[in-house]
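Novice: Structure for this input, please:
(chains A and B)
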Amino acid sequence: MISRIYVTEKGKVNFLYSYLLSHNFSREEILKIASALTNPILEEFSIDKFPDVGHPTSFTYAIEIGFKPGVTDNIAHTVKETIGDLLHLKENSFAVYTSKIYLIYKKIDRTGAEKIAFSLHNPLIERANIFNAKEIKKTKSLPDDVPEVFLKKSDLVIKIPLGLEDMELEKIGREGIMDDTNTRRGPLALDLPSMKAIRSYFSKKNRDPNDIEIEALAQTWSEHCKHTIFANPIDDIKDGLYKTYIKGATNEIRKKKGRNDFCVSVFSDNAGGIIFDKNYLITHKVETHNSPSALDPFGGAITGIVGVNRDTIGFGLGAKPVANTYGFCFGNPNDKKEYFKDKNLKQKMLLPKRIMEGVIKGINVGGNCSGIPTLSGFIKFDDRYRAKPMVFAGTVGLLPRKIGKKLLHEKKAETGGYIVVVGGRVGLDGIHGATFSSVAIDSNSPTSAVQIGDPITQKKLSDAIVKEARDMNLYNSITDNGAGGLSCSVAEMAKECGGAKVFLEKVPLKYPGLRPWEIWISESQERMTLSVPKKKWKRFYNLMQSRGVEAAVIGEFTNSGKVIVKYKGKVIMDIDMEFLHNGLPKHHLTTQPIIRTHLEPKILKHGSLTGILEKLLGKNNLRGFSFISEQYDHEVQASSVLKPLSGRGRINTDAQVFRPVLSSNRGVVLSEALYPSYSDINTYHMAACALDTAVRNAICAGGTMSHLALLDNFCWYSSNDPTRLAELKDAVKACYDYAVGYGTPFISGKDSMFNDFKGYDSKGDPVAISIPPTLLISAIGVMPDFYKAVSPEFKNTGDVIYLLGETYDELGGSEYYKMFGFVGNNVPKVNLEKNLKTYLALEKAIKKELIASAISVASGGLGITLAKACIGGMLGCNVSFAKVAKCCQSKALATSTEVKLFSESQGRILVSVSPKNIKQFEKTCIGVSYANYAKLGEVSRDGKVIITEGRNKIVETSVKKLHDIYHRFSKNI
Amino acid sequence: MKIKNKKKPRIIIMSGYGLNCEEETKFAFDWAGGSADIVHINDLIKKPKMLKEYQIMVFPGGFSYGDDTGSGKAYANKFKNHLSKELEEFLSHDTLLIGICNGFQIITNLGIVPGALTYNKNGKYIDRWVDLKPVGKSPWLKGIKNISLPIAHGEGRYIKEKKVKNLAVAFKYTKGEIYDFQNLESNPNGSESDIAGVLAYNGRVLGLMPHPERAMFFHQSPLWQTKKQKSRKIPKGGMSLQIFKNAINYFDKREAREGVISLTASESMSKHRNRYFKQ
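Specialist: Model prediction:
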């Protein structure tokens, strides 16, 4: 039987909830169910009859939005559980499908309704049904079409002979295995040498590979999993970029630090772990989820954040997520140009505004529902993120160092232990996610690559693991099921003991009919794989059961040196571990250096500098984004110390501080930085500036140089091109130079190397859009006493304002040049030696509590930084730029007023100091052998922001006006 | 689960299915002098008698069932379907109960406090601080003057129940320190009559949208950096610690006052409870 329950809010109705039930319940039971789904104070229900809504004016159209068959319907899960409890059912022999029905009151025709429907749903994962009001009057209810999944049974396993011509072999690698329906299964992202390696492996074994074997190799060998570009030898760098420069930097720093080394588990686990105190470790990991977010912004972003949460839960024996971070790079939200994936203009790419809204919402739901504070984040805009947005999602975790004698950051799957999967079930969602994100987006991009996250399923799983099972010592290894699904997680864990044997039919499925290869590589969300000793299985299972978490044994860890997969008694995959993990042929990459030069900007006379400063402050990369910070819960877990918004005027902070252990005064400081626009000039300096800024931001808030670690996220484009690789090499080299120089080790990183879009414009002409090389550097530090933390805004009238560091003519790639349409050439360069001294001096001053406010000078230069410090405190300032250039004798120092206002020279910090602390502060700054400071002026009471140079007033405005400009975008969105 | 200190009032904090503020809420009650246990709803369903060992019950904040079908509804349904008798029994004694944020939404759906909570007037989830004015009489509110706490919710607009006369309001959104500081709307979700929290059972039950456990420390306030500049010595405790202390004091003082339990000990009272009260 099928029944539909409609639930509406009382009063004017704009939408209804619909619960479609396929069941054997009595009328009375259905009534009971409907009551349970209705809050009688707010809502009413109606069964099998479209409710009498829309009075006094009737609606014209009703648009029903529901999920496509097979897409995770979280609400339906909850309803099923409620019904099961309500009727005390032991088994669920019924199905629930939920949808939301929007009522349109405007007088429109069907085309109009279709347009609205399109804006309300994402056809990739959702279906929209449009009903005319008259139709509904006639039929009394909406049709009872149940979106059930029917999978056509076809050959479960097919053999793939590889004795083919190169071209055909290449085609399989690029477009996928030919299915029995004569369609390609989607990209494997295996190049010809890889395909040939697979062929020769199986010809030695005297057999053709099965489809599942090729699919599994493609997952394990993917750029996404193996990071081939960072791992392969490049030019004369034999060990590759990662080993030489990233890991190399960390090793060197650790050695130098000796007993003060705070790294515990770096680059070997799902996240990087450092010492927090004698009892805890703190972990950090930042992921990108770019490709999925381009196709389904909400789903892509939510899976991004809950996915990186799992990296934390999968660190060691399970760290507790204690903070989330995010970062967005979007196209201009006003850009309305349409692009298509295909030549026939059928597959339209989403507009930047739609992507922005969906992504912001995805992080909202993912973070808020999981009870993890979303503390730290940024939003950047550049037209080149139009087709592929950058979506960064990070999670900080907390892990006790020991339980008894057992070190919790160590794990080892044991031979004979059960392979256990916990959490969500497996469906067709997320097939080819890992290989898909390793190639550019074009019309071959699979639609099934999209997944929907369910934060609550994961929250239950997370609580059961990190708050209970871990401390009960019920398992000895754990990892996340992310890219590549089981194929990667099991193969990865099998390394710890030397092999694995899997019985695929034991994997819990969302619906019947999945083929073995699909089960093996599906990226269905919210799953972890564990190694559970046989004798502990029962306790483990009972615990999971009582926490509402599904757990199943799917195989056993072995020491056979092989990964063997059986399906219903038949061996369908049998690959040596050695080949699986190390069989990928090495490529020797070569680079070709490139020098980019741009027109030297000539900025014509243009109104007042006050006007320019105000205009610049309103630019999308400099204005505030309180609308994002405010919709992300950043205070859950009660750990908040320095918030994402600070001061009277609520400016976005560049660094945040929190307290992960409520009984300890130790704080964790987070910050991040990126300068994609500098990549247009020089990627070495781009990377140096990002690193310098991330470090500086952390120090400004009260972090210490001696306990600060870094994370890298490289997002590149066309990474097969030797010039792109040269730029990459430069950037990685800078990471090495500056990390070693500052003594700040890298502890984790991730890359996404092909952020290209190849498609068509609305005329059908080919278009290629690639992102600017983007490197996000995140910093995480531990401070011994968070009560010493310093926020960025001015605090008190009469406080003295200082600028630390030097200002050069470095407007290249600046926001100022960008406003006038220029790039320029004089990109900021980082003077490591000088900056280090400045930072150490500041650190000392903060430790002595001499500083009232500290804010890092970054994008937009000193002018924008002054404006932000004023807005934050809602106080004015009276400063003179006369001394800005006089602090040093160097030749290239700032000359013109514009340079002083807008140059983005690194290593600078704007601080304010209470008059009573001036003497000591100045002494502290001079005390170190070298640290420049210039006294600029004072914080003023009248709210006037005045900057003078000699006798000239170069800027004169009010903090109120600046506040309105800074917050305008957030207010109006 | 052992009683660490028999003298301390015992607090049961519900967890599971997406509730997520249980740990910090436990910290607050423990810090205030109580002995709090976090108990998964399924464990309570398995051993419902356990509830008799506690004097204070807490539905903490969170996102139970991801707000699916309406905030608090599904968790309340689960509770109702398994534990309604036990809850009734718990409330029939001189006990205290608090529902915070999602916990407030749950206890409105359970029907133990009047009214309902629905989408904020602007339809957006919001996390920021607000000012509150206590208006009702309740053990929870003793000595509380105007206070500032953070809210973090998408469904916090309070709707009054028509049939309820003499609604006992606990807190109203008002203009205070935070308003003066950041000049933001005082009632950000559009609650009827500015209601932020309500009372029931003679003030023994408190439901509120703002999060007192997120204001137990001084450093949690958005004003702490500004205040720190004004005075060198800053306190550790925040404005809301008193709410938790009030709950603990209610039992500590009652014990001192009454010596021996004067409540008619119902037959079903557990040994633990008797032991606690009769010492």
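Novice: which parts of the stretch 151-279 of chain B sit against chain A?
Specialist: B:152, B:154, B:159, B:161, B:181-183, B:211, B:213-214, B:216-217, B:219-220, B:222, B:225-226, B:228-230, B:234 (Cβ under 8 Å from any Cβ of the partner chain). Where you see a C-beta, it was placed from the backbone N, CA and C, and this is true even at glycine.
Novice: Now, of these, which are buried?
Specialist: The neighbour-count test (16 or more other Cβ atoms under 10 Å in any protein chain shown) marks B:152, B:154, B:159, B:161, B:181-182, B:211, B:213-214, B:216-217, B:219-220, B:222, B:225-226, B:228-229 as buried among these.
Novice: So for the closest residue to A:Val641 other than its chain neighbours, what's the pLDDT?
Specialist: Nearest non-adjacent residue to A:Val641, counting by Cβ to Cβ, 6 or more residues apart in numbering or on different chains: A:Val657, 4.1 Å away. Looking at A:Val657, its pLDDT reads 98.
Novice: who does A:Val657 bridge with?
Specialist: A:Leu642, A:Val669 (DSSP bridges).
Novice: where's it relative to A:Val396, distance?
Specialist: Per Cβ to Cβ, to the nearest Å, A:Val657 is found 12 Å from A:Val396.
Novice: okay, and the common contacts of those two?
Specialist: Residues touching both A:Val657 and A:Val396 (Cβ atoms under 8 Å, 6 or more residues apart in numbering or on different chains) are A:668, A:670.
Novice: Next step: the buried ones among the residues of the stretch 151-279 of chain B next to chain A restricted to strands.
Specialist: Mapping these onto strands (DSSP state E) picks out B:152, B:159.
Novice: in what helix or strand does A:Ile5 lie?
Specialist: strand A:2-9 (DSSP states H and E).
Novice: And the average pLDDT for that strand is what?
Specialist: pLDDT averaged over strand A:2-9 gives 93.
Novice: how far is that strand from where the chain is centred?
Specialist: The chain centre lies 37 Å from the centre of strand A:2-9; the measure is Cα atoms, centre = their mean, to the nearest Å.
Novice: Pull the residues that contact that strand.
Specialist: By Cβ under 8 Å, 6+ apart, strand A:2-9 touches A:16-23, A:25, A:30, A:33-34, A:37-38, A:42-51, A:53, A:101, A:141-142, A:144, A:146, B:118.
Novice: Alpha carbons of that strand, as CSV, please.
Specialist: The C-alpha coordinates for strand A:2-9 follow below in CSV (Å, rounded to 0.1, in the frame of the first residue of the first chain):
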residue,chain,number,x,y,z
ILE,A,2,1.1,3.6,-0.6
SER,A,3,0.1,6.5,1.5
ARG,A,4,1.2,10.1,1.5
ILE,A,5,1.3,12.3,4.6
TYR,A,6,1.4,16.0,4.0
VAL,A,7,2.6,18.3,6.9
THR,A,8,2.0,22.0,6.6
GLU,A,9,2.7,24.9,8.8
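Novice: Can you name every helix or strand that the helix or strand following it contacts?
Specialist: Using DSSP H and E, the helix or strand that directly follows strand A:2-9 along the chain is strand A:15-22. Contacts defined by 3 or more Cβ pairs under 8 Å, 6 or more residues apart in numbering or on different chains; DSSP states H and E place strand A:15-22 against strand A:2-9, strand A:95-104.
Novice: Quick check: next helix or strand after strand A:15-22?
Specialist: Using DSSP H and E, the helix or strand that follows strand A:15-22 towards the C-terminus is helix A:27-36.
Novice: quick one on the thing from earlier: who does the strand holding A:Ile5 pair up with?
Specialist: Strand pairing for strand A:2-9, determined by DSSP bridges: strand A:15-22 (antiparallel), strand A:43-47 (antiparallel).
Novice: returning to that earlier point: now, the buried ones among the residues of the stretch 151-279 of chain B next to chain A that are in helices?
Specialist: Mapping these onto helices (DSSP state H) picks out B:181-182, B:225-226, B:228-229.
Novice: Closest to A:Gly702 out of those residues?
Specialist: Of all these, A:Gly702 sits closest to B:Gln225, with 10.9 Å by Cβ to Cβ.
Novice: State the distance from the closest one to B:Asp194.
Specialist: 28 Å.
Novice: Low-confidence ranges, the stretch 151-279 of chain B, go.
Specialist: Within the stretch 151-279 of chain B, the stretches with pLDDT under 70 are B:254-279.
Novice: ok so, going back, quick one: closest of the strands paired with strand A:2-9 to A:Ala387.
Specialist: Closest among the strands paired with strand A:2-9, once you apply Cβ to Cβ, is strand A:15-22, at 31.7 Å.
Novice: Next, the buried residues of the closest one.
Specialist: Quick answer for strand A:15-22 (16+ other Cβ under 10 Å): A:15-21.
Novice: Just the CA atoms of it, as PDB, please.
Specialist: Extracted C-alpha coordinates of strand A:15-22, given in PDB (Å, rounded to 0.1, in the frame of the first residue of the first chain):
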ATOM      1  CA  PHE A  15       5.800  24.800   1.300                       C
ATOM      2  CA  LEU A  16       4.700  21.500   2.500                       C
ATOM      3  CA  TYR A  17       6.500  18.400   3.700                       C
ATOM      4  CA  SER A  18       5.500  15.200   2.100                       C
ATOM      5  CA  TYR A  19       6.200  11.700   3.400                       C
ATOM      6  CA  LEU A  20       5.400   9.000   0.900                       C
ATOM      7  CA  LEU A  21       5.100   5.600   2.600                       C
ATOM      8  CA  SER A  22       5.100   2.200   1.000                       C
END
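Novice: which other residues reach that strand?
Specialist: Strand A:15-22 has contacts (Cβ under 8 Å, 6+ apart) with A:1-8, A:30, A:33, A:37, A:51, A:53, A:64, A:66, A:79, A:94-103, A:142, A:144, A:146, A:148, B:69.
Novice: cool, stretch A:573-584 as well?
Specialist: In contact with stretch A:573-584 (Cβ under 8 Å, 6+ apart) are residues A:194, A:197-198, A:201, A:210, A:212-213, A:216-217, A:220-221, A:226, A:228, A:491, A:494-495, A:498-499, A:520, A:561-565.
Novice: So for it, first residue to last residue, what's the gap.
Specialist: The stretch stretch A:573-584 measures 18 Å between its terminal residues, going by Cα to Cα, to the nearest Å.
Novice: Stretch A:331-351 too?
Specialist: First-to-last residue span, stretch A:331-351, Cα to Cα: 9 Å.
Novice: same question, stretch A:286-296
Specialist: Termini of stretch A:286-296 sit 20 Å apart (Cα to Cα).
Novice: Measure how buried the residue of chain B found nearest chain A is and give me the count.
Specialist: Chain A sits closest to B:Asn20 of chain B, with a gap of 2.4 Å, by Cβ to the nearest Cβ. B:Asn20: 25 surrounding residues under other Cβ atoms under 10 Å in any protein chain shown.
Novice: Which residue is the nearest non-sequential neighbour of it?
Specialist: Closest to B:Asn20 by Cβ to Cβ, 6+ apart is A:Gly371, at 2.4 Å.
Novice: Tell me which residues touch that neighbour, please.
Specialist: A:459, A:636-637, B:18, B:20-21, B:62-63.
Novice: Could you check how far it is from B:Glu24?
Specialist: Counting by Cβ to Cβ, the gap from A:Gly371 to B:Glu24 is 10 Å.
Novice: Return every residue with contacts to both of those two.
Specialist: Taking Cβ under 8 Å, 6+ apart as the criterion, A:Gly371 and B:Glu24 both touch A:636-637.
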